[in-house]
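1. fold the following for me, if possible:
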Amino acid sequence: MMRLAFVSTVYGYAFSGADSLWVRAAELAMARGDAVFIAATPAVTAHPRIQALIRSGANSFSSKVPEIPNNTIDRVRRKLEYISAGSDSLVSALHEFRPDRVIFSCGGTYDLVREGRVLGFLRSQHIPYGVIANWQTEKPFLSPIDLGRARTCFQGADRLFFVSQRNLEITRHHLGLPLYHAELIQVPIRIPRAGGAPWPELSVPAFAAIARLEPVKAFDILLPALAKFPGTAEPWHLNIYGEGEAQGKIQHQADALGIADRVRFHGFVSSLDEIWKDNHCLISASRDEGLPTVMIEALMYARPVIATRVGAAREWIAEDETGFTCDPESVDALSNAISRAWKVRSRWRTMGADAHRRAAAKYLPDDALRLIEPVFAVY
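-> Presented below is the predicted three-dimensional model:
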C-alpha cells in the first residue's frame, strides 16, 4: 500500500477538466487500497466525486487561494520569503499524513513557484513529487527570480506530465531545459455511445462554443470572425454554453456586430448529449489552452472542430479532414478557417464520423494510472 498525496493548485474555479485527471488517479489508488490525501479549495472539493473519496476515507485539506502581491512591500516580502497563503498549514497536514509521494496538479504550468515552503518540506523529508502541467500560455513570462524557482521545481520532480506536446515545447524553450523526464498524458473525458452521437436534423448549420465566458476564450475574436466570413450572408447559429462575468460584454458585442439574433446563450449545460443534438460543429477561438476536454469530446461525438492552434489542437485535429485550425489572436485567421469549413459543410457529417474514429483510436481511457505507477528513475 502506498500513501499518495494529491495537491491541486486550480484556485480560481470549481471542478474542471484539469481536476478530472488527478481525481481519476485518486479513485484508482483508493480502489487498490492506497491511502489518499487531497488538498484543494472548497470549490473543488465540493464536487460529488471528491466528496465520495472523502466518504471512503481519503484525508482532505482545504487550500486557500494564494495571496496576490498588490504593492511593492508585498512583492518584496514575497521575493524574500517565497511564500503562499496556507503553505505552513499544508506543510503540517502533509507532515501528519507522511506521504510516500506527492502529485501536484497545476492549473498553470508555473503554479509551484508560489509553494516554496511545501517544496522545501518535501526536499527536507526526501519525499518524491510529480507535476501535472494542465495549461501553458503561448507567451509565458516569469521574473528572473521566479524563472529560477520554476527551473528548480521542475528539475526536482521525478516525473513531469504535460497534456499537450505544444505546452511541453513552449515550457522547454522558456525554461531553457530539456526536461527529459517529461511525458504526455491524457485527461479523462465523457465518452458518448459507440459511433458518436446522432447527426442533428437541423436545416440551419449550428456552431457550438463550449467555454467559460472569460477573456482567454477569446469571444472578442470569435464574434467578429463570424460576422465577417463570407457565409454570413446565409443562415447560421452560434450556441454558447458556459457562464462567466464576460457574458454582458459578449452580448453587447454581438449586438454591435449585427449578429445578436444568431447568437444564443444557454448557460452551463452538463449534458453533452443535450449539446450535440443541436450542433454540427465545435468552434474555439482560445488564446491559450492545455488539452481542452470539450474538443476531444466533440471529436468523440462525431463533430468536426474549428480551433486556434493552441494547446493540443493540432495534435488531435487532422487539417481539412476532421477540422480546421488557425493562428490565435487574429480575427482574419479565424474568419478564414470558418470560411474553409463553411465551403465544405456538406462534408461535415462525414468529417465528424472520421473524427470519431480517429479520436477513439487515440484516446487512452486509463492514462491516469501512470500518475500512480512506481517510479524507477529520478532525474
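
2. contacts and neighbour counts: CA atoms only from here.
-> Noted.

3. next, count neighbours for G248.
-> Neighbour count of G248, defined by other Cα atoms under 10 Å: 11.

4. before we move on, what about Q165?
-> 19.

5. isn't it up against V310?
-> No. Contact between Q165 and V310 fails when scored by Cα atoms under 8 Å: they sit 10.3 Å apart.

6. please name every helix or strand in contact with the strand or helix carrying H252.
-> Assigned by DSSP states H and E, H252 belongs to helix 247-256. Helix 247-256 makes packing contacts with helix 219-228 when contacts are defined by 3 or more Cα pairs under 8 Å, 6 or more residues apart in numbering; DSSP states H and E.

7. what does the helix it packs on rub up against?
-> Outside helix 219-228, the residues within contact range by Cα atoms under 8 Å, 6 or more residues apart in numbering are 213, 232, 250, 253-254, 257-259, 284-285, 329-332, 334-335, 338.

8. now the element after the lowest-mean-pLDDT helix or strand in the chain, going C-ward?
-> Lowest on mean pLDDT, DSSP states H and E among the helices and strands of the chain sits helix 72-81, with a mean of 43. Counting by DSSP H and E, the next helix or strand C-terminal to helix 72-81 is helix 87-97.

9. hey, C-alpha coordinates of that next one in PDB?
-> Taking Å, rounded to 0.1, in the frame of the first residue of the first chain, the C-alpha atoms of helix 87-97 are listed here in PDB:
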ATOM      1  CA  SER A  87       1.700  26.900   3.000                       C
ATOM      2  CA  ASP A  88       2.500  26.400   6.600                       C
ATOM      3  CA  SER A  89      -0.700  24.600   7.400                       C
ATOM      4  CA  LEU A  90      -0.400  22.500   4.200                       C
ATOM      5  CA  VAL A  91       3.100  21.500   5.300                       C
ATOM      6  CA  SER A  92       1.700  20.500   8.700                       C
ATOM      7  CA  ALA A  93      -1.000  18.400   7.100                       C
ATOM      8  CA  LEU A  94       1.500  16.700   4.800                       C
ATOM      9  CA  HIS A  95       3.800  16.100   7.700                       C
ATOM     10  CA  GLU A  96       1.000  14.400   9.600                       C
ATOM     11  CA  PHE A  97      -0.100  12.300   6.600                       C
END
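
10. for stretch 180-188, measure first residue to last.
-> One end of stretch 180-188 sits 24 Å from the other (Cα to Cα, to the nearest Å).

11. again, but for stretch 323-340
-> Chord length of stretch 323-340, first to last residue, is 10 Å (Cα to Cα).

12. where does pLDDT dip in the stretch 251-379 of the chain?
-> Within the stretch 251-379 of the chain, the stretches with pLDDT under 70 are 375-379.

13. show me the strands in it, by range?
-> 263-265, 281-284, 289-290, 305-308, 323-326 (DSSP state E, counting those that start in this stretch).

14. quick one: secondary structure of A26?
-> Here A26 is helix, with the state taken from DSSP: H, G, I helix; E, B strand; the rest coil.

15. wait, it sits on A39?
-> No. The pair A26 / A39 is not scored as a contact, 11.8 Å apart, by Cα under 8 Å.

16. which PyMOL command selects the buried ones in the contacts of helix 219-228?
-> Selection of buried members from these for PyMOL, criterion 16 or more other Cα atoms under 10 Å:
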select buried, resi 213+250+253+254+259+284+285+329+330+331+332+334+335+338
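
17. still on that earlier bit, so which of the strands of the stretch 251-379 of the chain is nearest I50?
-> With Cα to Cα, the closest approach to I50 among these belongs to strand 289-290: 22.6 Å.

18. just the residues contacting the closest one, thanks.
-> Contacts of strand 289-290 (Cα under 8 Å, 6+ apart): 134-137, 163-164, 167, 310-312.

19. among the residues you listed, which are located in strands?
-> The strands, defined by DSSP state E, take in 135-136 from the contacts of strand 289-290.

20. may I see the contacts of strand 289-290 organised as a markdown table, with distance to S105 and neighbour count added?
-> A markdown table is the format used below for those (distance: Cα to Cα, whole Å; neighbours: other Cα atoms under 10 Å):
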| residue | distance to S105 | neighbour count |
| --- | --- | --- |
| N134 | 7 | 27 |
| W135 | 10 | 23 |
| Q136 | 13 | 25 |
| T137 | 16 | 18 |
| V163 | 11 | 24 |
| S164 | 15 | 27 |
| N167 | 15 | 25 |
| V310 | 20 | 26 |
| G311 | 17 | 26 |
| A312 | 18 | 20 |
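
21. ok, the contacts of strand 289-290 vs P198, which is closest?
-> A312 (25.9 Å).

22. show me the contacts for L175.
-> Contacts of L175 by Cα under 8 Å, 6+ apart are 147, 150-151.

23. same thing but 10 Å
-> Contact partners of L175, counting by Cα atoms under 10 Å, 6 or more residues apart in numbering, are 140, 142, 147-148, 150-151, 154.
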